[in-house]
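Visitor: Structure, please.
(chains A, B, C and D)
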Protein chains: 2
Amino acid sequence: MPGKGKWQNRFSGHGRRWTMPRETILQQLSRTNKHQSPKEIFLAINKFNPSIGLTTIYRTLELLDKMGVIHKLRIGDGQVRYELRGKEKEYHHHHLICTSCGKIIDYADFIDEEMELIKKTEKALNKKHNFIINNHNIEFYGLCEKCR
Amino acid sequence: MPGKGKWQNRFSGHGRRWTMPRETILQQLSRTNKHQSPKEIFLAINKFNPSIGLTTIYRTLELLDKMGVIHKLRIGDGQVRYELRGKEKEYHHHHLICTSCGKIIDYADFIDEEMELIKKTEKALNKKHNFIINNHNIEFYGLCEKCR
DNA sequence: ATGGTAATGATAATCATTTTCAATAACAAT
DNA sequence: ATTGTTATTGAAAATGATTATCATTACCAT
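Guide: A predicted model of the protein is given here:
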């Protein structure tokens, strides 16, 4: 039985199981606030635990995303990336992506105004298109300091 | 020499050439306001002009995106998608994406407030991170009327 | 302790996108 | 109009991320 971590409770009672690979993957996601791709996560884990396969990484990340534990990021560099949505990172932020080197900067300015606009927009879209909005994605593309 | 279209002038004088495939691809992009993937564009063109290869579609779309003529969309359905940025579509809009069936709805509400926020944010990000912002992407994910 | 079944990992399969490279065609200079 | 340079093209192969398959393993409720 794997050690009980803070996420274990989210896995019980829905036909889901709390397993060692899942705990290890969540640990790796917690280890940094970088936006990691499945391959990166696999390589990091593989150094100390070569028994966890890449397929499991993919499956677990997909599951965690569906559960709302992590956030899926499609920045367009050829790989999907994920970041944790834990309490310590629950502050709302978006991404600044350098189209030259791929660097990603998190930013969280004007959040109050932004949240207000988002809420207003979500409500209007819901009414107008009868669309339930679960998530949104705001990204800015450009050139970072080094690449400009 | 291919027929002169309204985009030809954007291709002259920079070592670029105005070719039949490019004109055909731009025509196909103009034919609809849907968000088309390279394969969809290829299949549509292929019906009446099988001489244009998929590789050329990819290369041309990439070029047109860099030129700012079209807008690249990564909605996460496994393919990149493009839409024209022509005058007739120059109104600012964002996308509402159904995570179940993949339907995309364009919307353009609260644009004034949004533009103001975007401008403010861009200016602040520029100052704070010394980042030049060229583009931004706002998407809402959820369930459409049929899928909810 | 054990049985049902969710989860796993190795492998192969898919599928979008890129690379390669020889052939072609746009177009500037003549 | 002809020519030479070189951007562009298309076919085929390569790449690389993600997904499907399937036999095996290991949670965990009983």
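Visitor: rest of the way, CA atoms for contacts and neighbours
Guide: OK.
Visitor: Quick check: chain neighbours aside, which residue is closest to A:Glu114?
Guide: Distance criterion Cα to Cα, 6 or more residues apart in numbering or on different chains; nearest residue to A:Glu114, sequence neighbours excluded, is B:Leu117 at 7.1 Å.
Visitor: how many neighbours does the one you found have?
Guide: 17 (other Cα atoms under 10 Å in any protein chain shown).
Visitor: Make sure it is indeed in a helix.
Guide: Yes - assessed by DSSP: H, G, I helix; E, B strand; the rest coil, B:Leu117 belongs to a helix.
Visitor: residues in contact with it?
Guide: When contacts are counted by Cα atoms under 8 Å, 6 or more residues apart in numbering or on different chains, B:Leu117 is found next to A:Phe110, A:Glu113, A:Glu114.
Visitor: Could you verify my assumption that the first one touches B:Thr121?
Guide: Yes - with contact defined as Cα atoms under 8 Å, A:Phe110 counts as touching B:Thr121 (7.0 Å).
Visitor: Among those two, which residue is more densely surrounded?
Guide: Comparing A:Phe110 with B:Thr121 by other Cα under 10 Å, the one with more neighbours is B:Thr121, at 19 against 13.
Visitor: I'd say the more buried one and A:Asp109 touch.
Guide: Yes - B:Thr121 is in contact with A:Asp109 according to Cα under 8 Å; the separation is 7.1 Å.
Visitor: Give me the secondary structure label for A:Ile138.
Guide: Per three-state DSSP, A:Ile138 ends up strand.
Visitor: That one bridge partners, please.
Guide: For A:Ile138, the beta-bridge partners are B:Ile138 (DSSP bridges).
Visitor: Please list all residues in contact with it.
Guide: Shown in contact with A:Ile138 (Cα under 8 Å, 6+ apart): A:His94, A:His95, B:His136, B:Asn137, B:Ile138, B:Glu139.
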